[in-house]
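Novice: how would this look folded up:
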Amino acid sequence: VQLVESGGGLVQPGGSLRLSCAASGFTFSRYDMSWYRQAPGKERELVALKISAGGRTTYSDSVKGRFTIARDDAKRTAYLQMNSLKPEDTAVYYCYAAAVVSGKKDDYWGQGTQVTVSS
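Specialist: So this is what the prediction gives:
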């Protein structure tokens, strides 16, 4: 099982980045996909959630209107489009997959990708 994030980097305030999360080793379409982030000295926080099978999408208040989560089940990939980036968006961003399988929670984390917003 693997979740591999890509697309992070250094961007100026007001800029954009698109993160990708490529999945393998599990039935991607059955899993809810989320993006979390963790800034230095802070707890990991949920940024965006996309429920499987066309379910609801949820965003944290801090990114609502600027970030968009998407998924392509055929490509087994989740995305996070980040626009109007701010210095406070600087963090390591993690992809997370979760589902209930045979009555038990089954979940996976990616290794993280660094996003730095700075002039």
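
Novice: how many neighbours does the closest residue to residue 1 other than its chain neighbours have?
Specialist: Counting by CB to CB, 6 or more residues apart in numbering, residue 1 lies nearest to residue 25, which is 3.6 Å off, once chain neighbours are set aside. Backbone N, C-alpha and C define where each C-beta goes, glycine included. By other CB atoms under 10 Å, 10 other residues sit near residue 25.

Novice: try residue 118
Specialist: Per other CB under 10 Å, the neighbour tally for residue 118 reads 10.

Novice: the closest residue to it other than its chain neighbours and residue 24: what is the separation?
Specialist: In this structure, residue 118 finds its nearest non-sequential neighbour in residue 87, 6.2 Å apart by CB to CB, 6+ apart. Distance of residue 87 to residue 24, given as CB to CB, to the nearest Å: 34 Å.

Novice: same question, residue 105
Specialist: 20 Å.

Novice: where do the strands sit along the chain?
Specialist: Assigned by DSSP state E, the strands in the chain fall at 2-6, 9-11, 17-24, 32-38, 45-50, 57-59, 67-72, 77-82, 91-101, 104-109, 113-117.

Novice: helices or strands next to the second one in the packing?
Specialist: If I follow you right, that is strand 9-11. strand 113-117 (3 or more CB pairs under 8 Å, 6 or more residues apart in numbering; DSSP states H and E).

Novice: mind doing that once more with 10 Å?
Specialist: Strand 9-11 is packed against strand 17-24, strand 113-117, with contacts defined by 3 or more CB pairs under 10 Å, 6 or more residues apart in numbering; DSSP states H and E.

Novice: quick one: strands adjacent to it?
Specialist: The pairing partners recorded for strand 9-11 under DSSP bridges are strand 113-117 (parallel).

Novice: quick one: the partner strand to strand 17-24, angle?
Specialist: Angle, strand 113-117 to strand 17-24, by axes from the mean of the first three to the mean of the last three CA atoms, to 10 degrees: 170 degrees.
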